[in-house]
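Undergrad: Give me the fold of what follows.
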Amino acid sequence: MAAENTIIKKAQDRMEKAEQSLGHELGNIRAGRANASLLDRIMVDYYGSPTPINQMASITIPEARVIMVTPYDKTALKNLEQAIMISDLGINPSNDGSAIRLVIPQLTEERRKELAKDVKAEGERAKVAVRNVRRDAMDELKKGEKANTYTEDELHDLETQTQKVTDKAIKSIDEIVASKEKEILSE
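TA: The predicted structure is shown next:
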């Protein structure tokens, strides 16, 4: 039965990756609050090579709706500002000569509802990914039963275990989505 446990373990690991991916995607959704992860995907041209912004500057949150980017090398300030401007953030940077301030605009009620829909859609994508992992695991288990690796009763037990792992992952995704929706709608 060790091979079957590896099938379930592998499925569980893939489901956890779907949850982590959801968390990462939701971190990129701006909720009207300053969050340093908004800048994670921005690359800055630094001496000819694209460099992540967090490797070139200190990113702090001095106020609830302000992100402050202080470059380690002051000569890179213009490049940082340019990279933020051309990014998909939709926030105009304010350069004071030594640091860049990004003021996150207050969200309108309509925009909050749109973002909540986006959060639900991301959650559904994560659930679909989890269900696909479950389907793959079930197919693998059935192949094992056809190859007489284990009995029909063992197959039933393993399918039950797989379903429990799936239910746990779906519940976790629902909690992540509910938490993000609450964060967006409660401001």
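Undergrad: show me where this protein has helices.
TA: 2-27, 77-86, 109-146, 152-185 (DSSP state H).
Undergrad: any chance of these in CSV, plus distance to residue 71, mean pLDDT and mean neighbour count?
TA: Heads up, the C-betas are built off the backbone N, CA and C, glycines and all. Compiled in CSV, the helices of the chain are given as follows (distance: least, CB to CB, whole Å; pLDDT from 0 to 100; neighbours: other CB atoms under 10 Å):
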stretch, distance to residue 71, mean pLDDT, mean neighbour count
helix 2-27, 23, 84, 16
helix 77-86, 5, 87, 17
helix 109-146, 30, 90, 16
helix 152-185, 30, 90, 16
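Undergrad: who wins for proximity to residue 62 among these?
TA: When those are compared by CB to CB, helix 77-86 sits nearest residue 62, at 16.8 Å.
Undergrad: CA-only coordinates of that closest one, as PDB, when you get a sec.
TA: Extracted C-alpha coordinates of helix 77-86, given in PDB (Å, rounded to 0.1, in the frame of the first residue of the first chain):
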ATOM      1  CA  LEU A  77      15.900  56.200  -8.300                       C
ATOM      2  CA  LYS A  78      14.900  57.300 -11.800                       C
ATOM      3  CA  ASN A  79      15.000  53.700 -13.100                       C
ATOM      4  CA  LEU A  80      12.800  52.600 -10.100                       C
ATOM      5  CA  GLU A  81      10.300  55.400 -10.800                       C
ATOM      6  CA  GLN A  82      10.200  54.500 -14.500                       C
ATOM      7  CA  ALA A  83       9.600  50.800 -13.800                       C
ATOM      8  CA  ILE A  84       6.700  51.600 -11.400                       C
ATOM      9  CA  MET A  85       5.200  53.900 -14.000                       C
ATOM     10  CA  ILE A  86       5.200  51.400 -16.800                       C
END
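Undergrad: Just the endpoints, please. Distance across stretch 71-80?
TA: End-to-end distance for stretch 71-80, by CA to CA, to the nearest Å: 8 Å.
Undergrad: Name the residue most distant from the centre of the protein?
TA: Relative to the mean C-alpha coordinate of the chain, counting by CA atoms, centre = their mean, the farthest residue is residue 148 (40.3 Å).
Undergrad: wait, isn't residue 134 in contact with residue 162?
TA: Yes. Residue 134 is in contact with residue 162 according to CB atoms under 8 Å; the separation is 6.1 Å.
Undergrad: overlap in contacts of these two?
TA: Residues touching both residue 134 and residue 162 (CB atoms under 8 Å, 6 or more residues apart in numbering): residue 11.
Undergrad: Tell me which residue is most central in this structure.
TA: residue 24 (1.4 Å).
Undergrad: ok, residue 16 - contacts?
TA: Going by CB under 8 Å, 6+ apart, the list of residues near residue 16 reads residue 169.
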